[in-house]
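Participant: coords below, sequence missing:
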C-alpha cells in the first residue's frame, strides 16, 4: 500500500493541495497539543483558562503565518461555518447535556425558559434598534431592515461554549445552569427569529405576527426537545433489550456516540434546533442509557465525551484566534479605522445595555413569584448573570459569516466592517469578560461557593431524604454528602419544608419508577454487570 | 444562535449543497448504526463478520440510491482517497499497534520483515509480469511499463484492515501477527517501490538500482519506526514528568490521541510510511505512556481507540460497498463485459499465484533456519497465511483510484476497466476469502487454537518465569496463565531450555528496566494513583 507520501512526488495541482492539507493538519494538531500542555502548566493561574490560552496561541500563529506569507491572505485559516456547526458544536453541547446537573437544571427550568426566550427577544430588539439609530450617522454602506434585525440576533447570541469555560458547575451551580441553560434556549429562539425575519413582511408588524412567532417557538422547542428525548430513549431501550447478557463495550460506546450525533443531524435535517435536541439527548442518555451499559463503557463514555468536547472547544478558540488576522477582511477597515472602532464600540455597548435590559427586570419579576428568600436571585447574582452572559464567541462569528459573507469573501464595505466588528467584539468580550468573570465572582460573592451551595442545596434536601429527579437513591448518600459538605443538615430540613416544587419532582420520580425505568433502564433497574468491573480492573493492570 | 436550519430557508446553490451534506451525513450515520445493530444481532453467525455485513449494507444502499436517482451518478458516494488515508486509516493502524501482543510480534519480527519486504517485491513483480503478458492479448487500451508496475504494487497490497477482521489475535496469535505484521511492513515496501517506479529509469535495471532500492527501504523503515517510537516516548515522558500528582483524564486522553495522530501526519509530511510510524507509536504508547496515566484514562483510551478503529473499519467497508455501484465507471464495462471479467479473473489469479510464489518458498527458508520443530511454520499454517493474505480491500481501491483516476472521474477506457476490475477483485476477495477463512482455519487445524497456543507459548515460557519483552511481571502470572491454559507447564520448561532468542528479550528487558522505564515510566515504574480508581468507581455508580 502506498500512502499520501507518494502524492508528493508528483507535484500536480491536486497533490499540492493535498500536501497543503497535510501541512495544515500538522499545524493544527501541533497547536492543539501546545494548548493542552500550556493549559496544563498554567492551570493554577487565576486569570487564564484554556479558551483564552487557545485564543492567544491562535492569534500568535496567525501573526507568524502572516509574516511567513508576507501579508498575503491564507485561505486555509478562514472560518468555515460548516465545520463549526456540523462537527465542533454537537460534541460540546451533547457533553454539556450529558454532564449537566439535572436537578439544578430542571429546578430552574421556568427561569431559564424566560431568560432564554423573552430575554433574547428583548436583547435582540434593543440591539437592532440601537444599530438602526447609531449606524445611520456613520458611513458604513447600506443595510436594510432585515440586516439590522440579523445584527440584533447575531449579537444577542450568548456563547454557551464560553460560559462553560468561565462558570464552574461545582462552584456556582445555580449561575451555571441559568446562564448556560439560557444559551441553549436562546438557540431555539434565534432560529425562530431568524426564520421569521426572512419570511414575514417586516413593515407590517401586528399582534397576529407576534402570536405566530410564539407558536413557532413553542413548536420548535417542543419538537426539538422531543426528538432529543426520543433518540436517547431509543438508545436506552435498544441497549437494555438486546445487549443484556452479552455486552460489547466498543459497540455500546459507538452506538451512543452515533445516536447522539444522529439526533443533532436529524434536527438539522428537519430545520429544528439541533443544539436543543442534542442537549436533551445528552440528558436522557445520562439518565437511562448510561446506566444500561458496562462499567468500562461508563468510564469510557464519560471521559471520551468530555475529551471530544474539550478538544472541540480548544479548536474553536484556536480557530477564532487564527482567523482574526485574515487580511482581506481588514482592507476596508484600514481605510477608515475610526469608523470601525466606532461600530465595534457601539455594538459592545448595545450588547451590554441589551443584556442589562432583560436580566435585571426579568430577575425582579422572577423574584416576585418566589416566596422564600433563598430562592430569589440577589443583586450580586444578577450582576454575574449579566456579566457572564456578555461573552460573544464562535457562535456569533459563525452567524455573522453566514449573514455577511458569501463563501468566505468580504467584498462589500458594509459587510467587511460588520465582519471585522464581530471579530473585534468577540475577541474583546472573550478576553475581557473571560478574564474578569472569575475574579468578579470572587469579589461579589467571596463565599459564593458556600452561598450557592446553600441556595441550591437547601432547596432540595430531598436529594438526601427523598428520591430525586435525576435518580440518586438512598445508597448514594455518601456521594451526595461529599457535594454538600458546606450545608448543615438542619438547613436541609428547613428547605425540605419550604420547597414548593417538591411535588413535581416527586410525581416525576413516581412516573419514572413506574413506567419509564422498567422499560428504558436506569440506575437500579438494570442488573449490575460485575464481570466488566473486575475484568477491566485486572486487565487494566496488565495490558491495554 | 442560528443553526444550519436557517440555511435551508434560503435555497441558494451553496445552502443546497450544505443541505446535501446534511442528508449524506444522516444517511451515513444511520447506516453505521444499522451495521452495529445487525453486526451485534448476527454475532454468532460463523459465516459473517462486521466487514461483510457493512459491505452488503453499503451495496444495498448503493442499489437504493441508484434506483432513487434513476441511474444517474451520485458523486456523494465516490471513494475519496484523502478521507481514507487521512482520517480512516490512522485510527485503525494505531489501535492495532496499541492492542497488538508485543511479545508475539517481536518474536516473529525477522519472519515478518522477510515476508513483508521480500514477499511484496516477489508478489508485485509476478503480478506486473503476468499483467504485461496477459493484457497485451486483450483490448483494454495502452499501458506503459510504469502502469504495469503500479498494477503490481496495487494488487500486492495485503489489506491489514481485513486481516484484523478475519484472523483472531487470541485464537491464532502466530498467524495473526505474521499476516498482519506483513501488511504493515508491506506499506513501507510499497512506498519505496512506488516512488522508485516514478523516479528510476525503468528500462535500465541493474544491480546498482537494486541496491538503491534496498537502501531507501532501510532508510524509510528505520526513520518511520524511529519517528513513531520517539513520538510515543515524548508522550510518555511528558505525562510522567508533568502530570504526576495532578492527573487530568481529559487532557491525558486528548494528548495521547493527538500525539498518535500527529506521528502519522508527521510521517506523511516527510514522505515516510505513516502506517509504519503510527503502528510503532501505538506499541510504544501501550508499553510506556499507557501505564503513566490514571486508571480511568486507561479504560477510556483502551476502549475509545478500539471504538474509533471499529467505526473507521465499518465505514470503509460501507463506503466500498456503496462506491461499487458508481455508474460512470461501469459504462465502459457494459460495452465489453467479457473483457472486464477476463481482466478481473486474470488479476485474481495473479494475486493468488503471486502470493503462493513467496509464502511457500519463504516459509521453507524460514523453517531451514529454525532448529526446533515447534518453531517451524507447518504446511497447514502456510496455507492459511497464503489464503488470509489474499484479501484486497480499501487500500488497493485507494491506490487504484490514485493511479487511474483524476479527481474521481474515469474517462479513459483502460483506466475505467482497471478501476472496475479493482472493485471486482476487492469485493470478490473480501467476500469469498473473508467468508471462508474462518472455516478454513477450523478445517485445516481443528485444534488450531491449542496448536498455536503450543506453538507460540512454549516458545516463551519465560512469560511465566523470566521478565518479558512487554513488561509482564511476576505478579501478572494470573493473567498469563489464563491465556495459556492449554499449555501444560512441562512444555513450558522444555521451551524454556530450547529457546535461543531468550537472551535478546533478556537484554532488552534489562536495558528497559535500567534506562528506559526510569525515564519514560511503564508498569511498576509509576506510582499507582489510587484516587482515580476508587473515585471513578464510586462516581461511575452515581452519575456521568
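Facilitator: Alright, I've got the coordinates. Everything numeric here is computed off the predicted structure, so don't read it as measured data.
Participant: contacts, neighbours, all on C-alpha from now
Facilitator: Will do.
Participant: avg pLDDT for stretch A:400-417?
Facilitator: Mean pLDDT, stretch A:400-417: 68.
Participant: mind checking the end-to-end distance for it?
Facilitator: The first and final residues of stretch A:400-417 sit 11 Å from each other (C-alpha to C-alpha, to the nearest Å).
Participant: can you check stretch A:403-412 too?
Facilitator: 13 Å.
Participant: for stretch A:103-120, same thing?
Facilitator: The first and last residues of stretch A:103-120 sit 24 Å apart, counting by C-alpha to C-alpha.
Participant: give me every residue that touches the residue most central in space within chain A.
Facilitator: Nearest residue to the geometric centre of chain A (C-alpha atoms, centre = their mean): residue A:160, 3.1 Å. Counting by C-alpha atoms under 8 Å, 6 or more residues apart in numbering or on different chains, residue A:160 touches A:179, A:180, A:183, A:184.
Participant: and the one helix or strand residue A:133 maps to, what other elements does it pack with?
Facilitator: Counting by DSSP states H and E, the element that carries residue A:133 is helix A:120-135. In terms of contacts (3 or more C-alpha pairs under 8 Å, 6 or more residues apart in numbering or on different chains; DSSP states H and E), helix A:120-135 is packed against helix A:145-156, helix A:173-199, helix A:337-369.
Participant: mind listing the helices for the stretch 201-350 of chain A?
Facilitator: For the stretch 201-350 of chain A, applying DSSP state H, counting those that start in this stretch gives helices covering A:207-242, A:249-269, A:274-284, A:290-292, A:295-323, A:327-335, A:337-369.
Participant: can I get the ones you listed in a markdown table with distance to chain B?
Facilitator: Output for the helices of the stretch 201-350 of chain A, formatted as a markdown table (distance: least, C-alpha to the nearest C-alpha, whole Å):
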| stretch | distance to chain B |
| --- | --- |
| helix A:207-242 | 8 |
| helix A:249-269 | 5 |
| helix A:274-284 | 7 |
| helix A:290-292 | 8 |
| helix A:295-323 | 4 |
| helix A:327-335 | 21 |
| helix A:337-369 | 14 |
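Participant: ok, the residue nearest to residue A:38 when sequence neighbours are not counted to residue A:442 distance?
Facilitator: Excluding its sequence neighbours, the residue lying closest to residue A:38 (C-alpha to C-alpha, 6 or more residues apart in numbering or on different chains) is residue A:53, at 7.7 Å. Using C-alpha to C-alpha, one gets 21 Å for the distance from residue A:53 to residue A:442.
Participant: These two - which one has more neighbours?
Facilitator: residue A:53 (22 against 13; other C-alpha atoms under 10 Å in any protein chain shown).
Participant: Residue A:347: neighbour count?
Facilitator: Neighbour count for residue A:347, taken as other C-alpha under 10 Å: 26.
Participant: Same question for residue A:178.
Facilitator: Neighbour number of residue A:178 under other C-alpha under 10 Å is 22.
Participant: Quick check: it touching residue A:108?
Facilitator: Yes. Residue A:178 sits in contact with residue A:108 when judged by C-alpha atoms under 8 Å, with a separation of 7.0 Å.
Participant: And the helices of the stretch 201-350 of chain A, which one averages the lowest pLDDT?
Facilitator: Taking the mean pLDDT of the helices of the stretch 201-350 of chain A, helix A:327-335 comes last: a mean of 69.
Participant: between the contacts of residue A:160, which is nearest residue B:126?
Facilitator: Nearest to residue B:126 among the contacts of residue A:160 is residue A:184, at 62.5 Å by C-alpha to C-alpha.
Participant: For the closest one, give its distance to chain B.
Facilitator: For residue A:184, the distance to chain B equals 9 Å [C-alpha to the nearest C-alpha, to the nearest Å].
Participant: What sits closest to that residue if chain neighbours are left out?
Facilitator: With sequence-adjacent residues excluded and distances taken as C-alpha to C-alpha, 6+ apart, residue A:184 is closest to residue A:276, at 6.1 Å.
Participant: Residue A:23 now?
Facilitator: residue B:269 (6.8 Å).
Participant: Can you give me the separation between the one you found and residue A:24?
Facilitator: From residue B:269 to residue A:24 the distance is 10 Å (C-alpha to C-alpha).
Participant: Please identify which of these two sits among more neighbours.
Facilitator: residue B:269 (20 against 15).
Participant: in terms of contact, does the more buried one touch residue A:22 like I think?
Facilitator: Yes. Between residue B:269 and residue A:22 there is a contact under C-alpha under 8 Å: 6.5 Å.
Participant: Now for residue A:365, how many residues are close by?
Facilitator: 11.
Participant: How about residue A:353?
Facilitator: Neighbours of residue A:353 using other C-alpha under 10 Å come to 17.
Participant: ok, now residue A:137?
Facilitator: Neighbour tally, residue A:137, other C-alpha under 10 Å: 8.
Participant: do residue A:416 as well
Facilitator: Count around residue A:416 with other C-alpha under 10 Å applied: 24.
Participant: and it, what helix or strand is that in?
Facilitator: helix A:413-444.
Participant: for that helix, packing partners?
Facilitator: Helix A:413-444 packs on helix A:50-68, helix A:160-166, helix A:327-335, helix A:337-369, helix A:379-388, helix A:394-404, going by 3+ C-alpha pairs under 8 Å, 6+ apart.
Participant: buried stuff in it?
Facilitator: A:413-431, A:433-438, A:440-441 (16 or more other C-alpha atoms under 10 Å in any protein chain shown).
Participant: sorry, back to before: including distance to residue B:38, could the helices of the stretch 201-350 of chain A go into CSV?
Facilitator: As requested, the helices of the stretch 201-350 of chain A are exported to CSV (distance: least, C-alpha to C-alpha, whole Å):
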stretch, distance to residue B:38
helix A:207-242, 11
helix A:249-269, 11
helix A:274-284, 23
helix A:290-292, 19
helix A:295-323, 20
helix A:327-335, 51
helix A:337-369, 51
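Participant: Any idea which of those helices gets closest to residue A:515?
Facilitator: Across the helices of the stretch 201-350 of chain A, closest to residue A:515 is helix A:207-242 (C-alpha to C-alpha), at 12.7 Å.
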